[in-house]
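Novice: From the sequence below, what's the structure:
(one chain, ligands or ions: 1)
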Amino acid sequence: MESLLISRSVGSSFAAAAAAAAAPRGCLPRPSRVATLTGAHARVRPLRAGPKDSILEVLAQDDMPNAAELVQWESGKSVNDIAASQGIRIRRHCRPTASLKEIEEELGAPHNILEKIIWDKEIEVVEGLAKKPLKEVMEAAAKAPPSRDFYGALEAAYKRNGVPALIAEVKKASPSRGVLRENFNPVEIAKAYEKNGAACLSILTDEKYFQGSFENLEKVRTSGVKCPLLCKEFVIDKCQIYNARSKGADAVLLIAAVLPDLDIKYFLQLCKELGMTALIEVHDEREMERVLNINGVKLIGINNRSLETFVVDTANTKMLLEKHGDSIREKGILVVGESGLFTPDDVAYVQNAGVSAVLVGESLVKQEDPGRAIAGLFGKELVH
Ligand SMILES: O=P(O)(O)OC[C@@H](O)[C@@H](O)c1c[nH]c2ccccc12
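Specialist: Residues are numbered from 1 along each chain as shown. Predicted structure coming up:
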């Protein structure tokens with residue numbers, strides 16, 4: 001088993017899925033086991049799936065992955081082959097200790113900004129684990145105060161206000177728009193959002209591209225703000241979810257353009273164990289179809305912005321909901337309209353398309369008073 005786990009790639013959580021499945025149901029992966037995995041991740045450069053030994057046995061104890069997926073993972077295909085077969089265009093380099101030059105010699109330059117972000121994230125995750133081993137991160141997560149109900153807060157706010165519940169984003173900068181706010185005080189902004197009726201807050205934690213931080217997340221959580229918090233991160237590894245929980249996050253973002261189905265399933269399971277909500281982000285039809293085929297999904301975000309090209313088009317939400325609205329309603333999934341919302345008309349447009357919540361950053365954070373900007377965005381005051 002150990003050798004199989006060692007052969008798994010950095011960034012994929014599959015090895016951890018095996019560890020989770022090996023643990024009794026309803027438990028977290030055993031820390032000792034996961035710590036071993038982490039060590040293995042840091043040392044080995046694995047590109048291929050492992051031998052066909054006990055993995056089927058181990059995963060058979062859990063009902064997460066389906067048989068077809070297991071066969072795929074057992075086939076010896078690379079992580080990138082598996083991802084590509086699901087329509088995922090973002091590749092992993094799986095070489096967290098290699099230089100960018102070496103990586104580019106093998107894979108060429110990143111195809112787009114999202115791929116670049118993920119390549120950096122692979123390195124960042126492993127460097128982070130070298131500083132703070134997973135066992136410690138898990139222990140910190142276990143000690144965090146209980147999580148708040150992110151999903152429930154959205155549902156209640158939608159019912160109360162009759163307009164989509166607001167997830168207001170604490171966002172200093174982005175690769176597409178540059179610095180949005182020079183004098184950036186995350187706690188002040190968070191408090192202003194809460195005071196003006198935001199149901200939940202989203203805190204960017206990526207440092208390199210969004211000038212966010214886990215410190216910001218922690219600061220907001222300990223500032224007295226009561227809204228549930230989304231950790232807005234490029235999650236590729238379980239340790240980021242534990243870390244988010246340890247800093248007080250109540251929800252995490254999972255990006256379907258980046259994560260193969262099995263990772264989404266495993267991370268969803270982990271969120272459940274930690275009492276967190278997973279917001280699963282899709283941008284196109286293929287991603288929506290994949291996500292709708294995953295059991296246990298409660299919250300889907302439709303990003304109007306392509307993270308590959310930066311093109312923003314709110315008609316994307318409408319198009320995807322026209323095609324998939326029936327099955328979304330049948331499954332009782334709540335949909336969040338994300339990005340590029342500036343006016344009451346924009347909000348009404350995505351509401352008519354079928355969203356019950358919106359995720360808004362730029363149009364609020366750019367204004368002098370981000371709290372008061374909320375009434376401007378909705379055309380009315382929101383109440384708590
Ligand atoms: O600032 P905007 O256009 O209102 O967008 C907010 C939010 O949707 C955006 O920040 C976002 C959506 N999905 C993401 C994934 C990663 C980073 C950022 C995002």
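Novice: check contacts around the residue in the chain positioned nearest to the ligand.
Specialist: Residue of the chain nearest the ligand, by C-beta to the nearest ligand atom: Gly361 (2.9 Å). Using the backbone N, CA and C atoms, a C-beta is placed for each residue, glycine as well. Contacts for Gly361 (C-beta atoms under 8 Å, 6 or more residues apart in numbering) come out as 168-171, 174, 180, 202, 204, 339.
Novice: gap between it and Glu194?
Specialist: Separation of Gly361 from Glu194 (C-beta to C-beta, to the nearest Å): 16 Å.
Novice: same question, Pro110
Specialist: Note on Pro110: its distance to Glu194, by C-beta to C-beta, is 37 Å.
Novice: for Thr97, same thing?
Specialist: 42 Å.
Novice: Ok, Tyr209 next?
Specialist: 26 Å.
Novice: cool, Leu341 as well?
Specialist: In terms of C-beta to C-beta, Leu341 sits 19 Å off from Glu194.
Novice: ok, these two, which is more surrounded?
Specialist: With neighbours defined as other C-beta atoms under 10 Å, Leu341 and Glu194 compare such that Leu341 has more, 27 against 21.
Novice: quick one: contacts of stretch 215-226?
Specialist: Stretch 215-226 is contacted by residues 148, 170, 186-187, 190-191, 194, 201, 203-205, 229, 231, 244, 247-249 when judged by C-beta under 8 Å, 6+ apart.
Novice: Show only the entries of these found in helices.
Specialist: Among the contacts of stretch 215-226, DSSP state H puts 186-187, 190-191, 194, 244 in helices.
Novice: where along the stretch 1-150 of the chain do the strands fall?
Specialist: All residues of the stretch 1-150 of the chain lie outside strands when identified by DSSP state E, counting those that start in this stretch.
Novice: List the residues that contact the closest residue to Glu289 other than its chain neighbours.
Specialist: Residue nearest to Glu289 in three dimensions, not counting chain neighbours: His324, with 7.7 Å by C-beta to C-beta, 6 or more residues apart in numbering. Counting by C-beta under 8 Å, 6+ apart, His324 makes contact with 285, 288-289, 292.
Novice: Would you mind checking the average pLDDT for the top helix by length along the chain?
Specialist: The residue-count maximum for a helix in the chain (DSSP H) belongs to helix 113-131. Averaging pLDDT along helix 113-131 yields 96.
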